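# Pasting a predicted model and its sequence here:
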Amino acid sequence: MADSAETRKLVYLVTGGCGFLGEHVVRMLLQREPRLYELRVFDLHLGPWLEELKTGPVQVTAIQGDVTQAHEVAAAVAGAHVVIHTAGLVDVFGRASPETIYEVNVQGTKNVIEACVQTGTRFLVYTSSMEVVGPNIKGHPFYRGNEDTPYEAIHRHPYPCSKAQAERLVLEANGRKVHGGLSLVTCALRPTGIYGEGHQIMRDFYHQGLRLGGRLFRAIPASVEHSRVYVGNVAWMHVLVAQELEQRAALMGGQVYFCYDESPYKSYEDFNMEFLGPCGLRLVDTRLLVPYWLLMLLATLNALLQWLLRPLLLYAPLLNPYTLAVANTTFTVSTNKAQRHFGYKPLFSWEDSRTRTIRWVQAVEGSAP
Ligand SMILES: NC(=O)c1ccc[n+]([C@@H]2O[C@H](COP(=O)([O-])OP(=O)(O)OC[C@H]3O[C@@H](n4cnc5c(N)ncnc54)[C@H](O)[C@@H]3O)[C@@H](O)[C@H]2O)c1
Ligand SMILES: C[C@@H](CO)CCC[C@@H](C)[C@H]1CC[C@H]2[C@@H]3[C@H](O)C=C4C[C@@H](O)CC[C@]4(C)[C@H]3CC[C@]12C
């Protein structure tokens, strides 16, 4: 029944569909959206794994394109029922210029919205970020907060600023008339730090640990808690929102939802050790030797070196004043808004998420850094 031609009618577009989250969204749609007829995967860099998806019942269309190019976006959006916009430049390490980050994250999102309006696409799901809220530049803790918790969301760094601007544009576009006269329905999902198969920063920490003889050094007190969320659950929440947006447009349109699951609250480093520990790494407590002021000094030195070396080479280490501030500020969410509004429940338990991630890190072992 689910595979008959009559039930397969929907065309979905996933921007950034070859990224860490995007790939999981693409695979989840193929597994969990029986009404799918065509799945368009739009990305600057297409992954070779897309080929294996082309043999199934759903037409998978790979589109190499750039969200900053309005005409490329409009061509990809034309005829799609739903757009899931995950494409973005995730850079808190100073790899890209602020201008490029704005161009991709803000102008790219404007292009997606305008393409929906011009071509008559009615449903837009945007991948925002917890960083739209915080941690703020004052390092205020956000403890077990929800979507309505008051918090001074002030940023300077281009990444959170660009995500906040883009999210605002998406929410303001809710209710705009699209080609054909119907209304656009939008909503934004705010994942906390995502982990799981394909997580580049986890891979970097793992290789760093191997280089340091199987050790990582604790820099952040264990009492600083972060919320983290498994990539499969983030993908599932995107799919569910996309499915429910039409029926529940009045309730969900223009709303934001944190992405959450049952992953435990822990410090960034302790949480990573849930996976890196079983893969043979140890977290060594050097906090008494390396006090916070010294870390801040190192982070500032890194930023200075990055600036000095920029004309010659790209120096972009994990530690800089911004990443240190984020890692050192408690940011935890506790909410059931997604459950109340569209029946979200995590698809993967914490045990499943942990096992899958550990297996992936073990498979990364031996692969080049
Ligand atoms: N990784 C996290 O912890 C996290 C947390 C919260 C929110 N997010 C958001 O989730 C989304 C996906 O992040 P990710 O971690 O999968 O990052 P990623 O870098 O793995 O994926 C982003 C994808 O977007 C593509 N892309 C970048 N610029 C593009 C352009 N100009 N045109 C077309 N495609 C382009 C990239 O090629 C990549 O495949 C981003 O919007 C990010 O802000 C990520
Ligand atoms: C002080 C270092 C010693 O071990 C640890 C540095 C860790 C940082 C590199 C990461 C700490 C928190 C991370 C961010 C957070 O998980 C949420 C994010 C939101 C998302 O939209 C993009 C990624 C990120 C900014 C993520 C990036 C890496 C950290 C700053």
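It's in. Ligands and ions are numbered 1, 2, ... in the order given.

# Point out where the stretch 201-350 of the chain drops to low pLDDT.
Filtered on pLDDT under 70, the stretch 201-350 of the chain yields the residue ranges 287-289.

# Contact residues of it facing ligand 2?
Contact residues (Cβ under 6 Å from any ligand atom) of the stretch 201-350 of the chain with ligand 2: 201, 219-220, 268-269, 318-319, 323-324, 326-327. For the C-beta atoms, the positions are set from N, CA and C on the backbone; glycine is no exception.

# try it again with 5 Å
Residues of the stretch 201-350 of the chain found near ligand 2 (Cβ under 5 Å from any ligand atom) are 219, 268, 318, 323, 326-327.

# Next, format those as JSON lines and append distance to ligand 1.
Shown next, in JSON lines, are these (distance: Cβ to the nearest ligand atom, whole Å):
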{"residue": "219", "distance to ligand 1": "19"}
{"residue": "268", "distance to ligand 1": "11"}
{"residue": "318", "distance to ligand 1": "14"}
{"residue": "323", "distance to ligand 1": "12"}
{"residue": "326", "distance to ligand 1": "11"}
{"residue": "327", "distance to ligand 1": "13"}
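
# List the contacts of residue 252.
Contact analysis of residue 252 by Cβ atoms under 8 Å, 6 or more residues apart in numbering lists 185, 187, 241, 244-245, 341-342.

# In PyMOL, select just the buried ones from these.
Restricted to buried positions by 16 or more other Cβ atoms under 10 Å, the PyMOL selection for the contacts of residue 252 reads:
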select buried, resi 185+187+241+244+245+341+342
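
# of the contacts of residue 252, list those near ligand 1.
Restricting these to those near ligand 1 - Cβ under 5 Å from any ligand atom - leaves none.

# Can you flag the buried ones in the residues of the stretch 201-350 of the chain next to ligand 2?
Neighbour-count burial within those applies to 219, 268, 323, 326-327; the criterion is 16+ other Cβ under 10 Å.

# For the stretch 101-250 of the chain, which segments count as strands?
123-127, 142-145, 185-191, 193-195, 215-218, 228-230 (DSSP state E, counting those that start in this stretch).

# helices or strands next to the last one in the packing?
Which is strand 228-230. Contacts defined by 3 or more Cβ pairs under 8 Å, 6 or more residues apart in numbering; DSSP states H and E place strand 228-230 against strand 193-195, helix 350-364.

# Out of the ones you listed, indicate the one that is most buried.
Mean neighbours per residue, mean count of other Cβ atoms under 10 Å, is largest over these for strand 193-195, with a mean of 23.

# next one: it to chain centre, how far?
Computed by Cα atoms, centre = their mean, to the nearest Å, the chain-centroid distance of strand 193-195 equals 7 Å.

# Can you spell out which helices and strands pack onto that strand?
On a contact count with 3+ Cβ pairs under 8 Å, 6+ apart, strand 193-195 meets strand 228-230, helix 231-244, helix 268-276.

# List just the one of these that sits closest to residue 114.
For the helices and strands packed on strand 193-195, the distance to residue 114 is smallest for helix 231-244, at 19.9 Å, taking Cβ to Cβ.

# and that closest one, which residues are buried?
Using 16+ other Cβ under 10 Å as the test for burial, helix 231-244 gives 231-244.

# Check stretch 155-175 too.
The neighbour-count check on stretch 155-175 (16+ other Cβ under 10 Å) flags 155, 157-167, 169-171, 173-174 as buried.

# Equivalent analysis for stretch 98-113, please.
101-113.

# Can you name the residues of the stretch 101-250 of the chain that neighbour ligand 1?
Residues of the stretch 101-250 of the chain lying near ligand 1 by Cβ under 5 Å from any ligand atom: 104, 127, 129, 191, 193-194.
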